[in-house]
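**Q** Requesting a structural model of the entry that follows:
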Amino acid sequence: MASGMGTSSMSIYSYELFHFYDVNTIIRVGSAGGLQPFLNLMDIVIGISSSTDSSYPSLFHLPGTIAPTADFLLAEKAMAYAREHNITAYGGPLFCGEAFYYDKSDKEKWADMGILAVEMESAALYLNAAKAKKRALALCTISDLVFTGSDCSNETRESGFDTMIQMALSLCE
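**A** Numbering: from 1, shown residues only. Next comes the predicted model:
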């Protein structure tokens, strides 16, 4: 199923699936921009946590700053699948941005903090999963390298994410 683009769409999609359709697990599969120099096109990032500039976390009225995180067991299974199938995958933090285009200096700040990749949905997904006591994970294939300008062709984006999708499907067994 498609969730749309950004935290707003994901917040609606995941909330309704968790609360109205009794879904227990959502695995987001999609593209992300690589922020670290060791990442290559088509590598997979298993999003362990999700920093964000979105105001969505403020809607939960917490007395501090929450660090939205993935379900550990799903992330662990995804990493095991990657090792077993000789897939280049990295587990680590994502930056879930509200905007699509950022200044280079902003991206450099997130990269300097160890963020692996930038995408737009994981924070809302992880927050909704936490509130609903459900499970969630974001799997992202690196479709572009933010600081070098390298990116996948349109054809690769349309048909090249099978490895990530197979990984996601393996987590549902």
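**Q** ok, how many other residues are close to I46?
**A** 25 (other Cβ atoms under 10 Å). From N, CA and C alone the C-beta is placed, and that goes for glycine too.
**Q** I'd like the numbering to begin with 48 instead of 1 from here.
**A** With the count now opening at 48, the last piece we talked about shows up as I93.
**Q** Mind giving me the packing neighbours of the helix or strand containing it?
**A** Under the criterion of DSSP states H and E, I93 resides in strand 91-99. Applying 3 or more Cβ pairs under 8 Å, 6 or more residues apart in numbering; DSSP states H and E, one finds that strand 91-99 contacts helix 119-131, strand 136-143, strand 164-166, helix 169-179, strand 182-192, helix 209-217.
**Q** Okay, angle between that strand and strand 182-192 too, please.
**A** 100 degrees (axes from the mean of the first three to the mean of the last three Cα atoms, to 10 degrees).
**Q** thought S61 was touching S169?
**A** No - judged on Cβ atoms under 8 Å, S61 makes no contact with S169 at a distance of 10.4 Å.
**Q** Low-confidence stretches in this structure?
**A** 48-49, 220 (pLDDT under 70).
**Q** who does the residue nearest to the spatial centre of it bridge with?
**A** Centroid-nearest residue in the chain: A185, 3.7 Å away (criterion: Cα atoms, centre = their mean). As for beta bridges, A185 partners with R75, G94 under DSSP bridges.
**Q** who's in contact with it?
**A** By Cβ atoms under 8 Å, 6 or more residues apart in numbering, the residues touching A185 are 74-75, 77, 93-94, 97, 117, 141, 166, 168-169, 172-173.
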